[in-house]
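Colleague: Just the structure for this:
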Amino acid sequence: MVIANNDPSIPSHDFVEQVRQTLSHLYDFPYLQNHPLSAAIGGESEGAFQASAGQKLRRVVMDALEALNPGLDEYFRSPHARLYNLLRLHYLEGTTVQEAATELGISLRQAHRDLRRGEEHIAAILWTMRRQEESPPLRAVELSSVDVEVRRVTARPLPVELQKLVKRACDAVTRLAEQHAIRFRFDLAPNPVIVSTDSVVAQQILTSLFSHTIQQAKPGEITVELEELDGQASLRLVYETDVAVEDAPLPELTERLIEKQGWQLHYTFAAQPVVRLLLRAAPFGPTVLVIDDNEGLVQLLDRYLSGHNCQVVAATSGYEGLMLAQELHPDAVILDVMMPEMDGWEVLQRLRAGSPSEDLPIIVCSVFNDPELAHSLGATQLLPKPVGRDDVLKALISLDIL
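Modeller: Residues are numbered from 1 along each chain as shown. So this is what the prediction gives:
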């Protein structure tokens, strides 16, 4: 049964399918020229050198794909970069889905899921652009693109070091700061300040905040202070300005993203104006890494652990699980056995083979109820599926995780 989509801000099923067709024929100009999207998006070009509607459609679709690029700072196989790299490998470089999945270290099933998500992201960008072109001015204001962009953000929070995000944001605005004769002075906490956030969304927020501050500040110095206080990360920007806050508000999209992240933004005025951003620091207690290709089970375990001062991080393949275990140093792992490409037994052995995860508590959660095999391969405990909430809590409590 297909449920009709009556929300005009969300692309229709037919539109998403047309975007998928276009991505599959990016180098077939006759096909693009006659495709329905070429009339809807390609339109007509102006000027002495007019591009065909098909050429314009290809350029617009590729620009939408590039908008998903998280930047060079993200590791090629990292969860935040995987969507973009999968789309690029398959649609731009022409690799098969299986080849792209292998290169990214994910299962074929996960690759197909990510491709669908990527196609829907690109369709949402193009849909918003088309609606902005078609809508009359009043309607465009009523259906603000900010609402669409905020609704489109599906953050995947992971523990990240805030100092790194701050430095990357400053690097992004270096040229702008030079143009305004601004230099940064850093007073950052010596120990890592860890927050739980989607690093891509957080990077956009911080870059926008720094850019806005630079444009309001007098030439001179902006002091960037970062500390952790009472379970919160406090980021302060201290600068001189003649511009009142009400005369130069932060862009609406940035404010809405800050609100959606659950952060708080404050302005104070004493000897110098101060912008203060409060973020929930991630001493949320222990981090539990769940490695299972069944996203439904991950969500179930997340619900089981809600209210227990514990953060659940999901990996939907063995390769991703190994990578996140190395990056995040979780307090415990809950591991499925039946996974494609690399099964849980192999993941378990690899985790045990390498420091520092050799002492990591690993709970095997599987339909294979074979405690002796699990323990012989290095499992700390075994929970047979189907698993209940009390089973998970008792296991983690017995391991002093909760």
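
Colleague: The helix or strand where residue 118 lies: how far from the chain's middle?
Modeller: Assigned by DSSP states H and E, residue 118 falls within helix 108-134. Mean C-alpha position of helix 108-134 versus that of the full chain (C-alpha atoms, centre = their mean, to the nearest Å) differs by 15 Å.

Colleague: now the strands: where do they sit in the stretch 251-400 of the chain?
Modeller: Secondary structure of the stretch 251-400 of the chain (DSSP state E, counting those that start in this stretch): strands at 264-269, 273-280, 287-291, 311-315, 332-335, 362-366, 381-384.

Colleague: The second one versus strand 264-269: what angle between them?
Modeller: Inter-element angle recorded for strand 273-280 and strand 264-269: 160 degrees (by axes from the mean of the first three to the mean of the last three C-alpha atoms, to 10 degrees).

Colleague: Send me stretch 252-260 as CSV with only the CA atoms.
Modeller: C-alpha atoms of stretch 252-260 as CSV (Å, rounded to 0.1, in the frame of the first residue of the first chain):
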residue,chain,number,x,y,z
GLU,A,252,17.4,32.5,10.8
LEU,A,253,18.6,29.1,9.5
THR,A,254,21.6,29.1,11.9
GLU,A,255,19.3,30.1,14.8
ARG,A,256,16.8,27.3,13.9
LEU,A,257,19.6,24.7,13.7
ILE,A,258,21.0,25.8,17.1
GLU,A,259,17.5,25.3,18.5
LYS,A,260,17.1,22.0,16.9
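
Colleague: Show me the helices in the stretch 1-150 of the chain, by range?
Modeller: Here the stretch 1-150 of the chain has its helices, by DSSP state H, counting those that start in this stretch, at 13-24, 29-33, 36-37, 53-66, 79-87, 97-104, 108-134, 137-142, 145-152.

Colleague: With mean pLDDT, mean neighbour count and distance to residue 317 as added columns, please give those in a markdown table.
Modeller: Backbone N, C-alpha and C define where each C-beta goes, glycine included. As requested, those are exported to a markdown table (pLDDT from 0 to 100; neighbours: other C-beta atoms under 10 Å; distance: least, C-beta to C-beta, whole Å):
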| stretch | mean pLDDT | mean neighbour count | distance to residue 317 |
| --- | --- | --- | --- |
| helix 13-24 | 88 | 18 | 23 |
| helix 29-33 | 80 | 16 | 34 |
| helix 36-37 | 84 | 16 | 33 |
| helix 53-66 | 81 | 19 | 23 |
| helix 79-87 | 81 | 22 | 10 |
| helix 97-104 | 88 | 18 | 9 |
| helix 108-134 | 80 | 18 | 6 |
| helix 137-142 | 42 | 10 | 41 |
| helix 145-152 | 52 | 16 | 25 |
